[in-house]
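Enquirer: no sequence on this one, just coordinates:
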């Protein structure tokens, strides 16, 4: 059905008249090529349409067709392991149709309509069900069991339910609602991407999202269901950090949204992930991963939609009771897409040309993170953790996108190009970064790792801060003006930086570190400082302590395999013994001189 006619084309923005029956955020099809677009502004009978494909060659007078529905995604079995574009078109299926390049107007269903799934029913005939209850289960991949949920707007009694080999379009269940009507439920659900999926209740966050990255888990942890941002200049390692978290985080499902990243980085992602193994099961990591790929040379409007597509898919698996981690790389490109569309709409610009509603949109996205009690009668709990990279121009953290993000998220991992140039990775600055989850996670860490975990972390942070102050003094008056105790502090802090915080993403043994190993590593380093303070006070020269053999062993301890971490605990004991031996020897030499 024709809906209106085009009167203006400005890049991805098309204005059409005769749109009296249109609604905000309705999806329309533009021109005879049926390009997908979304209504983003209404003025009288004129609608401004954000087109998700290139508009070259589209002219005034061409038709606009209505679908009557908002931009939505298909939810159901078959999402895991897939690579979609920003509006959930499966790139593999499109490649089969058009080759290596996406042709305008090409369409393909997000879920395979021909594949048959082995469905095991959970609900039974006569059961009373409500939105969010589990109707059936499917082994979607070897790692994830897919739960088919009752649509959130349906409550009633199961009249019929099927098992066995079914396609996603087959009727799975018939539910009689309170008004007597019958609702036919398939395995496909459609959900508007801009509407958060509902939950019973948001829960207090008390468990860490373990990433295996020492600077994150020990100093600046993020909670399961929490939100974090990674701002940093070009070349500081934002993408590698997100890849590491996606590989190693103890989330059951990972959604990676490349919204506007460079094509070569997305290529690395697509080439690397299919060959990665899940660390817990040894199965391919892609069996619990969804990738949304919208590179910087793809249509700008689809980039703006891609983060909503990604977070909706993530919420769907959260509602099954899984822990989900969403990586958005980078939200600066998403904000730039908003800025371009806003400029074409001739809206009043805000700071640096971004739309005045930038902060609202950023908050709206990150607020969809959380740990929730899912809809349904079985008290499932799910968590969605959102981690967004931000690329401020020139590494300027006063950039509006960074500031709008920091108002919402509770973890700030500030990347610094100076650290990256010194080959210190992850290049997270330990003096400017912070986590507001530290206290909330303290009880979990004490119970799961060590009763003195908070004190160990606090001591490490104190040494790093003292190092900054002492280096400033040394620059002014010279290193020789520092006392032995101060030089010991500098040496201990250096060991924390080089032997603990520095971590190689490409080393088989160093790429991931468990919480227990992190705890033992840091305790061994701090043992040198604690024992050394007493020894220096007793007259042992710092040079003697620096020559202790155990120092080199601690420096190499991060390469000890996880199954042998008991050796690190022995190092702490050996450290005390060697320092005490050095103290006795120094005392003996002093007495001999007398």
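Expert: Okay, I see it. Every value quoted in this text rests on a predicted model; they were computed, and no experiment measured them.

Enquirer: only C-alpha atoms for contact and neighbour calcs from this point on.
Expert: OK.

Enquirer: hey, where'd the helices end up in the stretch 151-300 of the chain?
Expert: Using DSSP state H, counting those that start in this stretch, the helices of the stretch 151-300 of the chain run over residues 214, 238-248, 263-272, 300-318.

Enquirer: Lowest average confidence across those helices, which one?
Expert: When mean pLDDT is averaged over each of the helices of the stretch 151-300 of the chain, helix 263-272 scores lowest at a mean of 77.

Enquirer: Hey, what's the angle from it to helix 238-248? Just curious.
Expert: Taking axes from the mean of the first three to the mean of the last three Cα atoms, to 10 degrees, one finds that helix 263-272 is oriented at 20 degrees with respect to helix 238-248.

Enquirer: List the buried residues of helix 263-272.
Expert: For helix 263-272, the neighbour count (16 or more other Cα atoms under 10 Å) marks 263, 266, 269 as buried.

Enquirer: What's the separation between the first one and residue 399?
Expert: Note on residue 263: its distance to residue 399, by Cα to Cα, to the nearest Å, is 24 Å.

Enquirer: In this structure, what helix or strand scores lowest on average pLDDT?
Expert: Each helix and strand of the chain was given a mean pLDDT (mean pLDDT, DSSP states H and E); the minimum falls on helix 263-272 at a mean of 77.

Enquirer: hmm, back to that, residue 174: which of the buried residues of helix 263-272 is nearest?
Expert: Set against residue 174, the nearest of these by Cα to Cα is residue 269 (41.6 Å).

Enquirer: and the end-to-end length of stretch 72-92?
Expert: The separation between the terminal residues of stretch 72-92, taken as Cα to Cα, is 20 Å.

Enquirer: List the buried residues in that stretch.
Expert: Going by neighbour count (16+ other Cα under 10 Å), the buried part of stretch 72-92 is 72-91.

Enquirer: and the buried residues of helix 263-272 as JSON lines, adding distance to residue 215?
Expert: Conversion of those to JSON lines gives the following (distance: Cα to Cα, whole Å):
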{"residue": "263", "distance to residue 215": "29"}
{"residue": "266", "distance to residue 215": "25"}
{"residue": "269", "distance to residue 215": "23"}
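
Enquirer: Grab the longest helix from the protein for me.
Expert: The single longest helix within the chain, with elements called by DSSP state H, is helix 566-593.

Enquirer: what's that helix packed up against?
Expert: Judged by 3 or more Cα pairs under 8 Å, 6 or more residues apart in numbering; DSSP states H and E, helix 566-593 is in contact with helix 515-537, helix 542-546, helix 549-555.

Enquirer: Could you provide these in CSV, with additional columns for distance to residue 417 and mean pLDDT?
Expert: Shown next, in CSV, are the helices and strands packed on helix 566-593 (distance: least, Cα to Cα, whole Å; pLDDT from 0 to 100):
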stretch, distance to residue 417, mean pLDDT
helix 515-537, 25, 93
helix 542-546, 30, 90
helix 549-555, 25, 92
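
Enquirer: Out of those helices, which one sits most buried?
Expert: When you average the neighbours per residue for each of the helices and strands packed on helix 566-593 (mean count of other Cα atoms under 10 Å), helix 515-537 leads with a mean of 21.

Enquirer: how about the nearest residue to residue 522, chain neighbours excluded?
Expert: Nearest in space to residue 522, with sequence neighbours left out and distances taken as Cα to Cα, 6 or more residues apart in numbering, is residue 500 at 6.9 Å.

Enquirer: Any idea how many residues pack against the one you found?
Expert: Here the neighbour count serves as a burial measure; for residue 500 (other Cα atoms under 10 Å) it reads 20.

Enquirer: quick one: residue 138 and residue 473, what's the gap?
Expert: The span separating residue 138 from residue 473 equals 64 Å under the rule Cα to Cα.

Enquirer: try residue 479
Expert: If you measure residue 479 against residue 473 using Cα to Cα, the figure is 8 Å.

Enquirer: Likewise for residue 515?
Expert: Going from residue 515 to residue 473 by Cα to Cα gives 35 Å.

Enquirer: Just the pLDDT at the residue nearest to residue 522, thanks.
Expert: Among the per-residue scores, residue 500 shows a pLDDT of 96.

Enquirer: Quick one: residues contacting it.
Expert: Contacts for residue 500 were tallied using Cα atoms under 8 Å, 6 or more residues apart in numbering; they are 214, 215, 521, 522, 558.

Enquirer: OK, contacts around the spatially closest residue to residue 396 that is not a sequence neighbour?
Expert: The shortest distance from residue 396 to any residue that is not its chain neighbour, by Cα to Cα, 6+ apart, is 7.7 Å, and that residue is residue 233. By Cα under 8 Å, 6+ apart, residue 233 lies in contact with 391, 392, 393, 394, 395, 396, 415, 416, 417.
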